[in-house]
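J.: Here is my input, please return the structure:
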Amino acid sequence: MGQRSIYIWKLKDVLDAEGSTARIVAKAQQASISALWIKVADGASRYANVKDNVGNALHDLVAKAHDKDIKVWGWQVPHCDSTTIAKKEGKLLGDLATEFGLDGMITDAEGTSAFFHGGLPEAKAYATAVRQAADMPASRLRSPATTFRRTSVAGRRNSRRSPRSATSTTRRPITAPVPAS
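T.: The predicted structure is shown next:
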């Protein structure tokens, strides 16, 4: 996953501020950044960073970053309103990783009503879909690992609240090797 990473929530804003993908990569290299984490999906929807001209710029950013040995990871905020939707959301993250040649996938499953809506069955369905994407042949993702952010989904206070995030582990990566094909 890298020693030093930076996340980019709104790629268009960063492009507007820096002027080009080359400038973003140069600044990342100057700051000893080893990985860029870019939001690629929100729930079952492709995020603005992967659409239209910004999506084209993301392809260029990935290529330029890889030329400088900087990894690019895609990040998604899953909502998981149902097990069916959770499966679609997990598949979308894997599809975007393939489409953009990303080095890995990050899930940002925050346990508040504005983010993760499901319970344990939805979390399992989502994690299974993401795991299936990670277990594809090594050529699916650029590097042989996928990272997940841990979130506790077992402890629910009541049926109207979503699971609470395990703050101490939320930002700790777990790297799972992709089997050789």
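J.: Please, which helix or strand holds the closest residue to Val25 other than its chain neighbours?
T.: In this structure, Val25 finds its nearest non-sequential neighbour in Lys64, 4.6 Å apart by Cβ to Cβ, 6 or more residues apart in numbering. For every residue, glycine as well, the C-beta is placed using N, CA and C. Under the criterion DSSP states H and E, the helix or strand holding Lys64 is helix 52-67.
J.: Which elements pack onto that helix?
T.: Contacts defined by 3 or more Cβ pairs under 8 Å, 6 or more residues apart in numbering; DSSP states H and E place helix 52-67 against helix 11-18, helix 21-30, strand 35-42, strand 71-77, helix 83-100.
J.: quick one, which of those is nearest to Ala129?
T.: Checking the helices and strands packed on helix 52-67 against Ala129 by Cβ to Cβ gives helix 83-100 as the closest, at 2.5 Å.
J.: secondary structure element for Met105?
T.: Counting by DSSP H and E, the secondary-structure element that holds Met105 is strand 104-107.
J.: For that strand, name the packing helices and strands.
T.: For strand 104-107, the packing partners by 3+ Cβ pairs under 8 Å, 6+ apart come out as strand 71-77, helix 83-100, helix 120-134, strand 145-149.
J.: which other helices and strands contact the third one?
T.: Read that as helix 120-134. Secondary structure elements in contact with helix 120-134, counted by 3+ Cβ pairs under 8 Å, 6+ apart, are helix 83-100, strand 104-107, strand 145-149.
J.: middle-most residue in this structure, spatially?
T.: The chain has Trp75 as the residue nearest its centroid, 1.8 Å off, counting by Cα atoms, centre = their mean.
J.: which ones are touching that residue?
T.: When the contact criterion is Cβ atoms under 8 Å, 6 or more residues apart in numbering, the partners of Trp75 are Tyr7, Trp37, Ile38, Lys39, Val40, Met105, Ile106, Thr107, Asp108.
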